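In: dropping the sequence and predicted coords here.
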Amino acid sequence: MGRDHSHSHGITATGTAKHRKRLIAVLGITLAVVLVQILGAMVSGSLALLADAGHMLSDAAGVFIALLAAWIAARPASDLRTYGYQRAEVLAALANALVLIVISVVIFTEAIRRLGSAPEVETGVMLFAAILGAVANLVSLLILRGAQKESLNVRGAYLEVLGDLLGSFAVIAAAVVIMVTGFQAADTVASILIALMILPRAWHLLRDVVDVLLEATPKGVDVQMIREHILAVEGVVSVHDIHIWTITSGVPVFSAHVVVEDAALGARGADMVLDKLAGCLGSHFDTEHCTFQLEPATHSEHEARQHA
């Protein structure tokens with residue numbers, strides 16, 4: 001004997017879908033700079049500039065994947081996929097993290113191979129392309145800044161652009177060092193630094209994706225506090241089987257079995273309890289996907305005796 005109550009109002013817009021225009025703008029900026037940096041790397045012979053271009057190209061691919069995933073995630077739910085395709089965004093973020101790791105390993109390997117035999121670099125072209133990349137990355141950061149807390153994919157893009165900005169600074173520094181001192185190995189050192197900057201960001205993004213796939217409790221959610229507030233609702237005896245997870249960025253889900261006094265389970269009484277529970281949950285956990293199963297206290301005691 002139970003009763004479900006859900007305040008879901010259909011498929012909720014995912015975090016990435018809300019900021020699609022921002023991602024499209026960043027994608028255009030990034031692709032333009034990639035072309036300039038690749039040409040600059042070919043003319044100057046700078047591995048650091050090529051590494052930065054490769055990193056930005058991976059960022060562009062990641063943003064494109066995120067946009068594609070957001071479009072797929074917007075497809076309606078069906079009997080076979082009751083939450084639709086919203087997890088596509090999480091899978092895209094996973095692919096993005098793995099691509100970042102591969103890029104960093106390739107850059108690091110090539111940089112190590114160049115140690116001791118660094119070729120001469122045309123610093124003028126290298127410096128111009130690096131400064132252009134830094135300006136473009138700064139603009140992209142400002143575009144994504146307000147949205148990066150609402151989506152794993154947008155956050156991934158934001159972190160990648162931040163890494164690109166740091167990478168551009170490293171290339172600028174290497175170009176200045178070579179111009180002033182003639183120390184050609186500065187280009188290789190900058191390449192290694194760029195590779196090392198990519199890895200931690202990729203790891204953090206990968207960890208967040210794994211948390212979603214393992215249906216871990218969303219960050220910032222205090223389960224014990226929610227339990228206490230549910231128990232404070234009039235008529236509630238106990239609560240068990242609490243589950244809180246995330247379908248994709250911006251779409252958290254909650255369910256629980258709530259044991260209620262028998263007297264509170266009349267037609268109007270049950271509705272009042274459910275409304276109070278939903279109101280309590282809404283004030284402490286922002287979700288439209290909440291399900292409560294109400295259980296009479298006598299039924300719960302009967303089950304307890306059966307399993308004793």
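Out: Yep, it's here. Numbering: from 1, shown residues only.
In: any idea which element the closest residue to Thr217 other than its chain neighbours lies in?
Out: In this structure, Thr217 finds its nearest non-sequential neighbour in Ile244, 5.0 Å apart by C-beta to C-beta, 6 or more residues apart in numbering. Placement of C-beta: from N, CA and C, glycine included. Assigning secondary structure by DSSP states H and E places Ile244 in strand 236-248.
In: that strand pairs with which strands, parallel or anti?
Out: strand 251-260 (antiparallel) (DSSP bridges).
In: dump the C-alpha coordinates for the partner strand into CSV.
Out: The C-alpha trace of strand 251-260 is given here as CSV (Å, rounded to 0.1, in the frame of the first residue of the first chain):
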residue,chain,number,x,y,z
VAL,A,251,18.3,17.9,-13.6
PRO,A,252,18.5,16.5,-10.1
VAL,A,253,16.1,13.8,-8.9
PHE,A,254,14.8,12.8,-5.5
SER,A,255,12.8,9.9,-4.2
ALA,A,256,11.9,8.5,-0.7
HIS,A,257,9.6,6.2,1.1
VAL,A,258,7.8,8.1,3.9
VAL,A,259,6.0,6.3,6.7
VAL,A,260,2.9,8.3,7.8
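In: about what we covered before: ok, and for the strand holding Ile244, which residues are buried?
Out: Val236, Val237, Val239, Ile242, Ile244, Trp245, Thr246, Ile247, Thr248 (16 or more other C-beta atoms under 10 Å).
In: C-alpha coordinates for that strand, PDB please?
Out: Taking C-alpha atoms only, strand 236-248 is exported to PDB below (Å, rounded to 0.1, in the frame of the first residue of the first chain):
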ATOM      1  CA  VAL A 236       5.400  11.800   9.300                       C
ATOM      2  CA  VAL A 237       6.700   8.900  11.500                       C
ATOM      3  CA  SER A 238       9.900   8.000   9.600                       C
ATOM      4  CA  VAL A 239      11.600   8.100   6.200                       C
ATOM      5  CA  HIS A 240      13.700   5.500   4.400                       C
ATOM      6  CA  ASP A 241      15.100   4.600   1.000                       C
ATOM      7  CA  ILE A 242      16.100   8.200   0.300                       C
ATOM      8  CA  HIS A 243      17.800   8.500  -3.100                       C
ATOM      9  CA  ILE A 244      19.200  11.700  -4.600                       C
ATOM     10  CA  TRP A 245      21.000  11.600  -7.900                       C
ATOM     11  CA  THR A 246      21.500  13.600 -11.100                       C
ATOM     12  CA  ILE A 247      20.300  12.700 -14.600                       C
ATOM     13  CA  THR A 248      22.400  15.400 -16.200                       C
END
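In: quick one: average pLDDT of that strand?
Out: Across strand 236-248, pLDDT averages out at 85.
In: ok now it, how far from the chain's centre?
Out: Its chain's average C-alpha position is 23 Å from that of strand 236-248, according to C-alpha atoms, centre = their mean, to the nearest Å.
In: okay, now the closest residue to Ala136 other than its chain neighbours: neighbour count?
Out: Spatial nearest neighbour of Ala136, chain neighbours left out: Val33 (4.4 Å); criterion: C-beta to C-beta, 6+ apart. Applying other C-beta atoms under 10 Å, we find 28 residues neighbouring Val33.
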